[in-house]
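Peer 1: My questions are about this predicted structure, shown below with the sequence.
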Amino acid sequence: QVHLVESGGGLVQPGGSLRLSCTASGSISSINIMGWYRQAPGQSRDYVARITTVGSTDYADSVKGRFTISRDNAKNTVYLQMNELKPEDTGVYYCNANANTPPGTTWFWGQGTQVTVSS
């Protein structure tokens, strides 16, 4: 089992920045990919970014050049630095992790943290 706890959400003005954190506990050594998704009110949960154990990253087109995902393996934490925030970035941001659970893998999710971009 992997337990994920997000933090760092809040209210920010357009053009501002926030840094989200997600700390993992439990079967840490089994984790492969960690990432972020977001869900706006009344919308589906959409992919934002992911990072592998060796630091390879990938981003949704909507956040490329503005968001940066990083990982501190010593702290079992993944970060999402969000710059140049726009109102359309508003939503609940969820951390997830893919972990080995033989014979396959399992996706685990955090409880989410609210990000509101508004003037």
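Peer 2: Thanks, I have it.

Peer 1: what about residue 92, neighbour count?
Peer 2: By the measure other Cβ atoms under 10 Å, the count of residues near residue 92 is 18. (C-beta placed from N, C-alpha, C; glycine too.)

Peer 1: Could you spell out the sheet neighbours of the helix or strand where it lies, each with its direction?
Peer 2: In the assignment (DSSP states H and E), residue 92 maps to strand 91-101. Partners of strand 91-101 in the sheet, by DSSP bridges, are strand 31-39 (antiparallel), strand 104-109 (antiparallel), strand 113-117 (antiparallel).

Peer 1: Tell me the pLDDT of the residue nearest the centre of the chain.
Peer 2: Residue closest to the average C-alpha location in the chain (Cα atoms, centre = their mean): residue 36, at 2.6 Å. Per-residue confidence (pLDDT) for residue 36: 98.

Peer 1: excluding its backbone neighbours, what's nearest it?
Peer 2: Distance criterion Cβ to Cβ, 6 or more residues apart in numbering; nearest residue to residue 36, sequence neighbours excluded, is residue 48 at 4.2 Å.

Peer 1: can you count the residues close to that neighbour?
Peer 2: 24.

Peer 1: what about it, which helix or strand?
Peer 2: Here residue 48 sits within strand 45-51, counting by DSSP H and E.

Peer 1: quick one: buried residues of that strand?
Peer 2: For strand 45-51, a neighbour-count test (16 or more other Cβ atoms under 10 Å) marks 48-51 as buried.

Peer 1: What is it packed up against?
Peer 2: Applying 3 or more Cβ pairs under 8 Å, 6 or more residues apart in numbering; DSSP states H and E, one finds that strand 45-51 contacts strand 31-39, strand 57-59, strand 67-72, strand 77-82.
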